[in-house]
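Undergrad: Show me the folded form of this:
(4 chains, ligands or ions: 4)
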2 protein chains.
Amino acid sequence: MSIMISTTEENYLKAIFKLSEKKEGSVNTNAIAQELNTAAASVTEMIKRMAKKGLIHYESYKGTRLSKKGDKIARNLIRKHRLWECFLYEHLEFSWGEVHDIAEQLEHIKSEELVNRLDSYLDFPRFDPHGDPIPDANGNIQERKQQPLFNLKKGMKGVVTGVKEHTKPFLTYLDQLKITLGSEIEVIEFNKYDDSIKILNNKVEQLITQKVAKNIFIEVINTN
Amino acid sequence: MSIMISTTEENYLKAIFKLSEKKEGSVNTNAIAQELNTAAASVTEMIKRMAKKGLIHYESYKGTRLSKKGDKIARNLIRKHRLWECFLYEHLEFSWGEVHDIAEQLEHIKSEELVNRLDSYLDFPRFDPHGDPIPDANGNIQERKQQPLFNLKKGMKGVVTGVKEHTKPFLTYLDQLKITLGSEIEVIEFNKYDDSIKILNNKVEQLITQKVAKNIFIEVINTN
DNA sequence: AAATATTTTTAGGTTATCCTAAAAATATTT
DNA sequence: AAATATTTTTAGGATAACCTAAAAATATTT
Ligand SMILES: [Mn+2]
Ligand SMILES: [Mn+2]
Ligand SMILES: [Mn+2]
Ligand SMILES: [Mn+2]
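TA: Residues are numbered from 1 along each chain as shown, chains lettered A, B, ... in the order given. Ligands and ions are numbered 1, 2, ... in the order given. Below is the predicted model:
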């Protein structure tokens, strides 16, 4: 059989992929350690072994990059993760705050056939319950032209297309605010005193904090 | 959190449960080793650790029994396994020969909520695609009054309710023979010469070998 | 450029799980 | 009951992942 990849290795690949998205070039050992909640020494050891296996490129003191092979696996993991999130959300009626932790386990199930049938069963969704794009079977990820709500100017309008933070407390809080994917938001006013923002959420006036505004992604509607 | 149980430990629990079903009393170290394809020495070591954790009862040279706790976990694993098989079979259109290996992975996903929602989503199925009963949330398993086709006498009739062997080759072969759960079988004749059996499968005459007849479970229809 | 701080690696250990070979206990034959 | 066979355990190792503390390399300040 093809080289076996452990769940741990898969988590390293995902972490490196995620960190590579943010910063060009190679990924620091410490960054991986932080992302995975492990000691830096453990990361050094692990990435050496993974480099030997051809999953990553690694040079002492210089950092780590995914190899072609590692990149492909990482994208497939993200694909599986997000497809499972769709399944949990749409068919098992979990909330968007609950799906991530379970998908974190499900993404490691190994069966090419399973992912593709799941994809087809879900009718080839393009975005997961958090608005994140689902890589296709070739690993292509379609990027969106969204930006944090916080970046809008007074008077601008848009639709909620995603969230930056994926934690349960944040998502539950958005539920309380009735802010969901698809919500139509208009920025009424930035309050200089406490940095809060007055918005219109589906025609209803609301106040949100800066912290929240930075974690909501908006696709701006051209208002000509 | 409650004591963490590894996938390996879960597989030991399932193996011990399965072996306990066949033979009363305690389970031999060698039997577990065979069931799990590991060396007997590894089993000895593992079960000592599991006994310390309260998952099993173990006495040197005497054998192993599941504890209350271990038994509960084993039943829940079987419940999960069979529910996932239903999902794969009914919703993702896998064949009954394909579902087992994937369910073998899925059964280790940890989320009480997930199993119960899956159960409800599948509309509380009582049997899996192989005709095996699905334990309820309390671990109760409903037994069936079925017997191997091989045990029927000439002229007896029944319905296929299960299979003893779960391998892909066997199940694919049954597909070829058009023998499925629910097939109506009548025994026409036992051929003494080669031990083959002539049957009527949904009104069609067929010949099956002893090996096949021993691996098909039938619920006999009273023909008064 | 030297001194200081930060990052990364190395050294030395641990735990879970597995293995083979040898020893000990138990079961079966004679 | 002795001899033989089988089963189970112990002894001694291996590997994958982790960890802490110390050493080495690299980056940032002075
Ligand atoms: Mn997620
Ligand atoms: Mn997501
Ligand atoms: Mn199965
Ligand atoms: Mn089954």
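
Undergrad: which residues does the residue nearest the centre of chain A contact?
TA: In chain A, the residue lying closest to the centroid (C-alpha atoms, centre = their mean) is A:Asp132, at 5.8 Å. Applying C-beta atoms under 8 Å, 6 or more residues apart in numbering or on different chains, we find A:Asp132 in contact with A:Arg82, A:Gly162. In this view, the C-beta of every residue, glycine as well, is placed from N, C-alpha and C.

Undergrad: Would you map out the domains in chain A?
TA: A:7-66, A:77-143, A:147-220 (automatic domain parsing).

Undergrad: For chain A, what lies in contact range of ligand 2?
TA: For chain A, the residues in contact with ligand 2 (C-beta under 5 Å from the ion) are A:Glu85, A:Asp128, A:His130, A:Asp132.

Undergrad: nearest residue to the third one other than its sequence neighbours?
TA: Excluding its sequence neighbours, the residue lying closest to A:His130 (C-beta to C-beta, 6 or more residues apart in numbering or on different chains) is A:Val163, at 5.3 Å.

Undergrad: Pull the number of nearby residues for that neighbour.
TA: When neighbours are counted by other C-beta atoms under 10 Å in any protein chain shown, A:Val163 registers 22.

Undergrad: what sits opposite A:Leu200 in the beta ladder?
TA: Beta-bridge partners for A:Leu200, by DSSP bridges, are A:Glu186, A:Glu205.

Undergrad: Can you give me the pLDDT of it?
TA: pLDDT recorded at A:Leu200 is 96.

Undergrad: okay but it is in contact with A:Ser183, surely?
TA: No: with contact defined as C-beta atoms under 8 Å, A:Leu200 does not reach A:Ser183; the gap is 10.1 Å.

Undergrad: Between these two, point out the one with more neighbours.
TA: Per other C-beta under 10 Å, whichever of A:Leu200 and A:Ser183 has more neighbours is A:Ser183, with 19 against 14.

Undergrad: Which residue is the nearest non-sequential neighbour of that one?
TA: Among residues not flanking A:Ser183 along the chain, A:Val160 sits closest, at 4.4 Å (C-beta to C-beta, 6+ apart).

Undergrad: The helix or strand containing the one you found pairs with which strands?
TA: Element membership for A:Val160 (DSSP states H and E) is strand A:157-163. Paired neighbours of strand A:157-163 in the sheet (DSSP bridges): strand A:184-190 (antiparallel), strand A:216-220 (antiparallel).

Undergrad: buried ones in the longest one?
TA: The neighbour-count check on strand A:184-190 (16 or more other C-beta atoms under 10 Å in any protein chain shown) flags A:Ile185, A:Glu186, A:Val187 as buried.

Undergrad: List the contacts of the first one.
TA: Under the criterion of C-beta under 8 Å, 6+ apart, the neighbours of A:Ile185 are A:Leu149, A:Lys157, A:Gly158, A:Val159, A:Val160, A:Ile179, A:Ile199, A:Leu200, A:Asn201, A:Ile216, A:Ile218.

Undergrad: Let's see if you can find the most crowded of those residues.
TA: Neighbour count (other C-beta under 10 Å) singles out A:Ile216 as the most crowded of the contacts of A:Ile185, with 27 neighbours.

Undergrad: Dump the buried residues of strand A:184-190 to TSV, plus distance to DNA strand C.
TA: Formatted as TSV, the buried residues of strand A:184-190 follow (distance: C-beta to the nearest atom of the strand, whole Å):
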residue	distance to DNA strand C
A:Ile185	37
A:Glu186	41
A:Val187	36
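
Undergrad: Just name the closest of these to ligand 4, please.
TA: Closest approach between these and ligand 4, by C-beta to the ion: A:Ile185, at 49.1 Å.

Undergrad: mean confidence score for whichever helix in chain A runs longest?
TA: When chain A is parsed with DSSP state H, its longest helix is helix A:68-90. Averaged across helix A:68-90, the pLDDT comes to 98.
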